[in-house]
Every structure is written in C-alpha cells, then in structure tokens.
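Trainee: Sequence and predicted structure, then a few things I'm wondering about:
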Amino acid sequence: YLIPALVLGVVSGLLGLVANKPTPRRALRQMTGLWVYFFVAVGLPGLLTNLVKRAIGRGRPELYGDVGPLSFDSFINDWTHQSFPSGHATTAFAVCFAVSFLAPRSLPWMLAFAVAVALSRVVVGAHYPTDVIAGALVGTLGAYAVRNVFAARGWVFRREAEGRVVPRPLSAVRRLLQRRG
C-alpha cells in the first residue's frame, strides 16, 4: 500500500509543478494531497507499531510451550519476539479508516476486511488476541490522528461548523475527468 501511494504522490506532485493550465495543476495538487494523506495515515501507525513491538519484545504463540504467554525479550532482532502489537492488524485498520474517511460508505466493507485480517492472525497462530486488538487500536487511532492533523491545516479534509471532519471536494479532479469523459 505504501510504495504505490508514495510513488503516485511524488509523480502527481512533480507533474503539478510543471502543469501549465490551472485545472490540471489544481487536480494534480488535489491528487498529491490524497496520496500523501494515505501514505502518512497508513505509514505512521505502521512505523509506530514496528518500534513498539521491538521495544516490548513479546514472544509469539509458537513459543507458548517453551516460555508461556508472557515472554518478553526487548530490543532483539528476532521476529519470534515481535508479536505485540500486530503489524498486520495495524495496517488493516489504518487502511480501513484512511479509506473510509474519504469514502464514508465504504466503512462496512473496509471494517469487514480489517476484522478478517486481524482474526486471521490469531487463527494462523501468529498472534495472541491482545496483539491484534492493540494493532487495531494503533491503526485506528493513528488514522484518526493523521486525518485530524490534515483537517486542521485544510489538507484533504475540512472541519464543518459543527466540528465534523469531512473530505474536501475534489472539484478540479472532477472537472478534469468530465472534460476527458
């Protein structure tokens, strides 16, 4: 998810700098904002999760028989002690909310996807339930925080008078697509 978002953000940003007509330039800037938002909303919680899981060093369920459920070995470079929080759950929930903030009607489907990913991590024995719950919280709260920071600056989102955060209209993108279609 992250590499394509980064590449598309950089490419649309560079094209926006050289576009010689106002509508394409605005459309490319709007698209750049979307891709940067998605990159940060998914990447930041993922980075935090990777730092935390190394600092905590919780053993994975496969070690249960040898060391029990509360085995911790911090700051070692061993994936078997990087269980809490779940990176898959973090990413799934960050993607879920990053997308649904832009397209609110997608929330039920995105939430079903995120829950399925999180549950699969427990079912296959890669994580304890607490690992995926923590990952889901990091992904969700991270996406909310990024959305709120972007809204406070008027990037991609805006805050309505009653305080609700909504996506900014992509008027230039819409105009550009109507010309082409």
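Mentor: Here it is on my side, so go on.
Trainee: Apart from its chain neighbours, what residue comes closest to the residue nearest the centre of the chain?
Mentor: Central residue of the chain (C-alpha atoms, centre = their mean): Val42, 2.1 Å from the mean position. If the residues on either side of it in the chain are set aside, Val42 comes closest to Ala94, at 4.5 Å by C-beta to C-beta, 6 or more residues apart in numbering. C-beta: built from backbone N, CA, C; applies to glycine.
Trainee: Isn't that neighbour up against Pro45?
Mentor: Yes - in this structure, Ala94 is within contact of Pro45 by C-beta atoms under 8 Å, at 4.6 Å.
Trainee: all helices of this protein, in order?
Mentor: 2-18, 22-56, 64-67, 87-102, 107-123, 129-152, 171-180 (DSSP state H).
Trainee: for the ones you listed, which one sits closest to Asp78?
Mentor: Nearest to Asp78 among the helices of the chain is helix 22-56 (9.7 Å), distances taken as C-beta to C-beta.
Trainee: tell me which strands and helices the closest one is in contact with?
Mentor: If you count contacts as 3 or more C-beta pairs under 8 Å, 6 or more residues apart in numbering; DSSP states H and E, helix 22-56 packs onto helix 2-18, helix 87-102, helix 129-152, helix 171-180.
Trainee: Listing request: residues of this structure with sub-threshold pLDDT.
Mentor: Within the chain, the segments meeting pLDDT under 70 span 1, 12, 16, 19, 22-23, 171-181.
Trainee: on that earlier part again, just tell me which of the helices and strands packed on helix 22-56 ends up closest to Tyr64.
Mentor: Across these, closest to Tyr64 is helix 129-152 (C-beta to C-beta), at 12.7 Å.
Trainee: quick one: contacts for Val122?
Mentor: Tyr128, Pro129, Val132 (C-beta atoms under 8 Å, 6 or more residues apart in numbering).
Trainee: From these, list the buried ones, please.
Mentor: With burial judged by 16 or more other C-beta atoms under 10 Å, the buried subset of these is Tyr128, Val132.
Trainee: Please produce a markdown table containing the contacts of Val122, extended by distance to Ala112.
Mentor: Putting the contacts of Val122 into a markdown table (distance: C-beta to C-beta, whole Å) gives the following:
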| residue | distance to Ala112 |
| --- | --- |
| Tyr128 | 22 |
| Pro129 | 18 |
| Val132 | 15 |
